[in-house]
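Chemist: Pasting the sequence and the predicted model now:
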Amino acid sequence: MVEIAHGATRAVITPNGAGLKSFEVGGVPYAETYDDEPPMGSGAVLVPWPNRTAGGRWSLDGRPQQLEITEPARGNAIHGLVRRVAWAVAEQAESSVTLEVPVSGPGWPVELRTTITYAVDDDGLTVTHAVRNVGTARTPFGVGTHPYPRAGTSETDETSLSLAATTVLPLDPETMNPSGPAVPVEGDTDFRVARLLEGVELDTPFGGCEPVDGVVRHVLRGPGGAVELWADPDFKWVQVYTPGDYPGRGRAVAVEPMTCPPDALNSGVDLLWVEPGGSWSGRWGLRPLG
């Protein structure tokens, strides 16, 4: 494990998968943690696609590709290629760490290299992703991550979640892949304020995330604190997942910033593209609120 700290702000990152294991300020947790193996994708880094690719099949410039099926029950390739591999520590300081790993595998014909930098300061935690094309052809990709933010000492059932989203993407309940285009969130289904204390159960992608002053902002609030998950405008999507059996916690909520929706390698919706030798970077973070 790698620990970084700045004053009372502390985060722990696991080199296996480069995932966020914990984040706290003054001993107060603002992300769920775990003992051994990360449960339910906790803290995972999702590159070169977040969420699911239907059947593991997609095509690059007309050439069919077959990814490994990593969600056999639903027949999908899920959450990219790097969440279960060892990342190398490229740079480390007291308050920051950068890890890196190559991105390649069956069904992914253009090699990428990705880095992630975690840094803590007086404002909280900032996470910077970078992706570089080290192959010989252009390629699409997506980036996501799977944190479980926590409203301080609040129980999940006491919290409310405000999203920057303006659309919701319907899913086939059998495959969890899109069953139609995104539709506006409105009326009683306006999950821009999802009242988790009412027992809302979600495993749902929301889109059209609108930045305010150049930043997308999602906020989890409860009687024991509040935390903002902010992101750069490229993170136009967010998956919200509310499992009832997070180890040691019970009900929890994942708020997963994503640059594209489920099955984007097939739909093309909001895919990022990178040319040979080109690169992309984007940031998100967690900021405790007073």
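Modeler: Looks like it arrived, so ask away.

Chemist: what about residue 163, distance to residue 207?
Modeler: 10 Å (CB to CB, to the nearest Å). Any C-beta I mention is one placed from the backbone N, CA and C, and that applies to glycine too.

Chemist: So the two - more neighbours on which side?
Modeler: Neighbour count, other CB atoms under 10 Å: between residue 163 and residue 207, residue 163 has more, with 24 against 21.

Chemist: I'd say the more buried one and residue 231 touch.
Modeler: No. Counting by CB atoms under 8 Å, residue 163 does not reach residue 231; the two are 11.5 Å apart.

Chemist: Now do the shared contacts for those two.
Modeler: By CB atoms under 8 Å, 6 or more residues apart in numbering, residue 163 and residue 231 have these common neighbours: 209, 218.

Chemist: Output the contacting helices and strands for the helix or strand hosting residue 98.
Modeler: Assigned by DSSP states H and E, residue 98 belongs to strand 96-105. Counting contacts by 3 or more CB pairs under 8 Å, 6 or more residues apart in numbering; DSSP states H and E, strand 96-105 is packed against strand 2-6, strand 88-92, strand 108-121.

Chemist: Of the ones you listed, flag the one that's most buried.
Modeler: strand 108-121 (a mean of 20; mean count of other CB atoms under 10 Å).

Chemist: Show me the helices in the protein, by range?
Modeler: 264-267 (DSSP state H).

Chemist: quick one on the thing from earlier: now the helices and strands packed on strand 96-105 as TSV including distance to residue 65 and mean pLDDT?
Modeler: TSV is the format used below for these (distance: least, CB to CB, whole Å; pLDDT from 0 to 100):
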stretch	distance to residue 65	mean pLDDT
strand 2-6	34	98
strand 88-92	27	97
strand 108-121	6	98
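
Chemist: Pipe those into TSV and attach distance to residue 12 per row.
Modeler: Below are those laid out as TSV (distance: least, CB to CB, whole Å):
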stretch	distance to residue 12
strand 2-6	5
strand 88-92	13
strand 108-121	9
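
Chemist: so which of those comes closest to residue 33?
Modeler: Using CB to CB as the measure, strand 2-6 is the one of the helices and strands packed on strand 96-105 that comes nearest residue 33, at 12.5 Å.

Chemist: ok, residues contacting that closest one?
Modeler: Residues from elsewhere that reach strand 2-6 (CB under 8 Å, 6+ apart): 10-15, 89, 92-97, 118-122.

Chemist: Need the distance between the two termini of stretch 86-101.
Modeler: In stretch 86-101, first residue to last residue: 8 Å (CA to CA, to the nearest Å).

Chemist: which outside residues touch that stretch?
Modeler: Stretch 86-101 is contacted from outside by 2, 4-6, 13, 15-18, 82, 85, 113-121, using CB under 8 Å, 6+ apart.

Chemist: Quick check: which ranges of the protein have low pLDDT?
Modeler: Applying pLDDT under 70 to the chain flags residues 186-199.

Chemist: before we move on, back to that, what's the closest of the helices and strands packed on strand 96-105 to residue 259?
Modeler: strand 108-121 (12.8 Å).
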